[in-house]
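Asker: structure for the following, please:
(chains A and B)
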Amino acid sequence: MHFTANSITFEKFLSFVQPVVPLRSPMMSILENIHIDINDGVMTLMASDVDISVSTSFKLNDSDENVTFLCQGKRLGDTIKGLGDMQLFCDFDLETGLNIQTDSGKYNISTISPNDFPAFPQVNEDNEITISGEDLQRAIHFTHFAISKEPSRLAISGLLIEVNPDGSTFVATDGHRLVKYHNSAFRVPDDIMVIVPEKTIGIVSKIFSKSEVRITFDRTRICFEAEGTRVISRLIDHKFPDYNPVVPQSSESELKISRSELLTACRRMLPYANNKFPVMKMLVSSSLIEIESQEQETGSYAKETLECIFTGVPLEKFVAFKTTSLIDVLSHIEGEEVYLKFNTISKPVLIEPVEQRENEVVSMIMMPTRVGV
Amino acid sequence: MFRTIFHLDLDAFFVSVERILDPSLRDKPVIVGGNPQGRGVVTACSYETRKFGVHSGMPSKQAFKLCSHAIFIHGSHKEYSIYSDLVRDILVKYPPVIEQASVDEFYMDFTGCEKIYGNFINFASKLQKLIWDEVKLPCSIGIGSNKTIAKIASDFNKPAGITYVAPGLEKEFLENMPVETIPGVGKMLLPQLQSRGFYKIGDIAKMPADYFLVAFGKNGLDLWEKANGKGTEYLTTQREQKSISSEQTFSSDISSIPYVEKTLFELTAKICQKLRDKELTASTLTLKLRYSDFNTITRSKTIDFTNDEKKVYEVALKLLKAAYTRRVGVRLVGIGLHNFLPLIRQFSLFDDTESKRAKMLDAVDKIRFKFGYPAIQTGEK
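Answerer: Below is the predicted model:
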């Protein structure tokens, strides 16, 4: 059997399924392969790690037969990646496997029978919503970084998506910081609430960007689908913590500061902080903010003073934050200036852009750190 | 330029404070320390008891045998600390630099202050009088060109003495003193020095420095320098605490391991409270176990930085179980924490187990701050 494909196209669609392929899966080594199906000149790639399955299709330049086989995922990906724009001449037969010929080389990748590969999961399509790729991207951009990376904290190891007649709310937290993104323009008549695993969100953000994304889900699975690509993932079946009480509804004082100045200053504090738990202190006065960081072992320290506008009840002493967390928050928030809204130095601090987009509210909440003097 | 370092040592400090608190103890033999019927040791003793051979560090039982008519007092470290602060408050007004070496010892650097204070011996006498008049505590003062000489000098003429070692005469001053006079020469080093024929400080000073470097390493070289009248000339004004420890000698040997474990837990809770009071965390813990035959075992383990007794005790208990291998009674158990870093605690948005425990410990700290340590106790389980 013979087929030809453009290397750039092949690489693009391969990159959709590649992140799902486990590097090592001792219990189910078959998952280390990509399921390739060629039917009427269309190649369908499929990969699965049991929890997440991705399938995508694209048109080949030509093909002379319909075949289905499994090909080693990592090897195929590493071969196609970075070839440049060229024609790939491929042959497949059961005995020799997949042979790829490029302008400058020949590659043979062994293949196996597709019979034992798990079937692509199905989702009951009773619940369906459609969101623009741009809106979905935007929600993921603000929230993805804040999802907990601790596998033991299952309930918060995913993105909470709530959609109802008032709009849509995306919430992510790692227990120390929380991001709430609300879009009042995107709404549905019914109340919907799902928790999508962090890995799925990462994959979805790389695949769907422009076109409308159709989302269907049932009690256990969710499917994102657009332009011939489908991502099906299990949902997290745990209770997301009640986040509303931790979002400050009012504040005793607020600080207005240039986002980029604070962000770059925080980045300069990082090399002077403890490696394991980098912390920086902020001492705020009415028009200045002094930030400092010190590495206890060597005594090296950094201190910077920035201009700001502080109003409200003065803070009783310095407030401290985990430096990397604050950098994350400031990197993902938008706008020239941000507000930092305080109650006391041990209560959640609300960080918001000074100017919010229409129909949108971005709230980032950080818990301060207690530091011994 | 020669430096002028004063070393002020409060004479029999604990005993002197006890005599202020209870004047009936004046001129009587007094021993501060453990119960003479128990297993404790002498912390301080009055000069009246010293002629019977009593000295600090000696088991109280032995002290009682030597001086049975002495009055034994358990002592109150809180009171000693108050009086130590009073003395410090008097002294800080005079020298440009002062270092408190311990609760009853102060170094003061008076270099270049001759024109202000005049003759140093007269000035030392004035300081002694000032401390006596204001807090009724006797002290001895040594004056030398470095800390080692000043310390040896303050010990040279006790109690209430003043010894001035003129610059350039340090070697002559030390020459005929026994080697154990040098600070740092203790039970371990003394027999090693004596077995090599070093009995007097002059014997060490005569030898080439290389000999001590080869025989005892870096500490040997330090010893040789001290014997030649050299020493640290600058004071440490900020002393960083490097470890916190607590140990308990049982009144009789303990063969019940659950009891040893319970004691270990209480000691752990106590030192973790101290750590929290100082807003510190520690990453190394050391367990000390002494059997009834004085065989002593220490075991250390590095842990994640913490000041929570639950986490420290979990590791300490494992060390104890691994260390207790003989079927012999336990005389002492102790625990120490080292390798400190200032406390860094990330507050949590939600009430998870860890943040609940942190809040509970905060509440315990507040109760203890207000009502004292025994007001609330945490359970071993």
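
Asker: which stretches in the chain count as helices?
Answerer: Unless you meant another one, I'm taking chain A. A:7-17, A:73-80, A:133-143, A:198-207, A:259-269, A:323-332 (DSSP state H).

Asker: to clarify, I was referring to chain B.
Answerer: B:13-21, B:47-50, B:60-66, B:77-91, B:114-117, B:120-135, B:147-156, B:170-175, B:189-195, B:201-206, B:209-227, B:257-277, B:309-323, B:353-371.

Asker: number of nearby residues for the closest residue to chain A within the stretch 201-350 of chain B?
Answerer: Of all residues in the stretch 201-350 of chain B, B:E279 sits closest to chain A, at 2.9 Å by Cβ to the nearest Cβ. (C-beta placed from N, C-alpha, C; glycine too.) The tally of other residues near B:E279 (other Cβ atoms under 10 Å in any protein chain shown) stands at 15.

Asker: before we move on, what about B:I201?
Answerer: 26.

Asker: now the one 4 residues further on
Answerer: Other residues lying near B:A205 total 18 when counted by other Cβ under 10 Å.

Asker: and what of B:K242?
Answerer: Residues near B:K242, counting by other Cβ under 10 Å: 8.

Asker: rebuild the helices of chain A as JSON lines, extending it with mean pLDDT.
Answerer: Formatted as JSON lines, those follow (pLDDT from 0 to 100):
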{"stretch": "helix A:7-17", "mean pLDDT": "94"}
{"stretch": "helix A:73-80", "mean pLDDT": "92"}
{"stretch": "helix A:133-143", "mean pLDDT": "94"}
{"stretch": "helix A:198-207", "mean pLDDT": "94"}
{"stretch": "helix A:259-269", "mean pLDDT": "96"}
{"stretch": "helix A:323-332", "mean pLDDT": "96"}
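
Asker: figure out which of those helices is closest to chain B.
Answerer: Chain B sits nearest to helix A:323-332 of all the helices of chain A, at 8.6 Å, using Cβ to the nearest Cβ.

Asker: partner residues bridging the residue lying closest to B:V328 once chain neighbours are set aside?
Answerer: With sequence-adjacent residues excluded and distances taken as Cβ to Cβ, 6 or more residues apart in numbering or on different chains, B:V328 is closest to B:Y291, at 4.6 Å. Beta-bridge pairing for B:Y291 (DSSP bridges): B:V330.

Asker: thought B:Y291 was touching B:R326?
Answerer: Yes - between B:Y291 and B:R326 there is a contact under Cβ atoms under 8 Å: 6.2 Å.

Asker: of the helices of chain B, which is nearest A:H332?
Answerer: Proximity to A:H332 (Cβ to Cβ) singles out helix B:353-371 among the helices of chain B, at 24.7 Å.

Asker: got the angle between that closest one and helix B:257-277?
Answerer: Using axes from the mean of the first three to the mean of the last three Cα atoms, to 10 degrees, the direction of helix B:353-371 lies 80 degrees away from that of helix B:257-277.

Asker: out of the helices of chain B, which one sits most buried?
Answerer: Counting by mean count of other Cβ atoms under 10 Å in any protein chain shown, helix B:147-156 has the highest mean neighbour count of the helices of chain B, with a mean of 24.

Asker: now do that helix: which elements does it pack against?
Answerer: Helix B:147-156 sits against strand B:5-10, strand B:105-109, strand B:139-144, strand B:162-164, helix B:170-175, with contacts defined as 3 or more Cβ pairs under 8 Å, 6 or more residues apart in numbering or on different chains; DSSP states H and E.

Asker: list the contacts of stretch A:71-81.
Answerer: With contact meaning Cβ atoms under 8 Å, 6 or more residues apart in numbering or on different chains, stretch A:71-81 is reached by A:7, A:10-11, A:14-15, A:17-18, A:21, A:23, A:32-34, A:36, A:47, A:88, A:97-98, A:100, A:107, A:109-111.

Asker: at 7 Å instead, please
Answerer: Contact with stretch A:71-81 is made by A:7, A:10-11, A:14, A:18, A:21, A:23, A:32-34, A:36, A:47, A:98, A:100, A:107, A:109-111, as judged by Cβ atoms under 7 Å, 6 or more residues apart in numbering or on different chains.

Asker: how about it: buried residues?
Answerer: By neighbour count on 16 or more other Cβ atoms under 10 Å in any protein chain shown, the buried set for stretch A:71-81 is A:71-73, A:75-77, A:79-80.

Asker: tell me the one of these nearest B:V165?
Answerer: For the buried residues of stretch A:71-81, the nearest to B:V165 is A:G77 (80.4 Å; Cβ to Cβ).

Asker: and A:V371, how many neighbours?
Answerer: 19.

Asker: which residues of the stretch 51-200 of chain B score low on pLDDT?
Answerer: For the stretch 51-200 of chain B, no stretch is flagged by pLDDT under 70.

Asker: show me what residue of it gets nearest to chain A.
Answerer: Ranked by Cβ to the nearest Cβ, the top residue of the stretch 51-200 of chain B for proximity to chain A is B:E99, at 19.9 Å.

Asker: pretty sure that residue is touching B:T236, no?
Answerer: Yes - using Cβ atoms under 7 Å, B:E99 makes contact with B:T236 at a distance of 5.3 Å.

Asker: between those two, tell me which one has more neighbours.
Answerer: B:E99 (19 against 13).

Asker: give me the beta-bridge partners of the more buried one?
Answerer: Residues in a beta bridge with B:E99, per DSSP bridges, are B:Y107.

Asker: show me what from the stretch 151-300 of chain A comes close to chain B.
Answerer: Applying Cβ under 7 Å from any Cβ of the partner chain, we find that the stretch 151-300 of chain A lies next to chain B at A:173, A:175-176, A:178, A:241, A:246, A:277, A:279, A:296.
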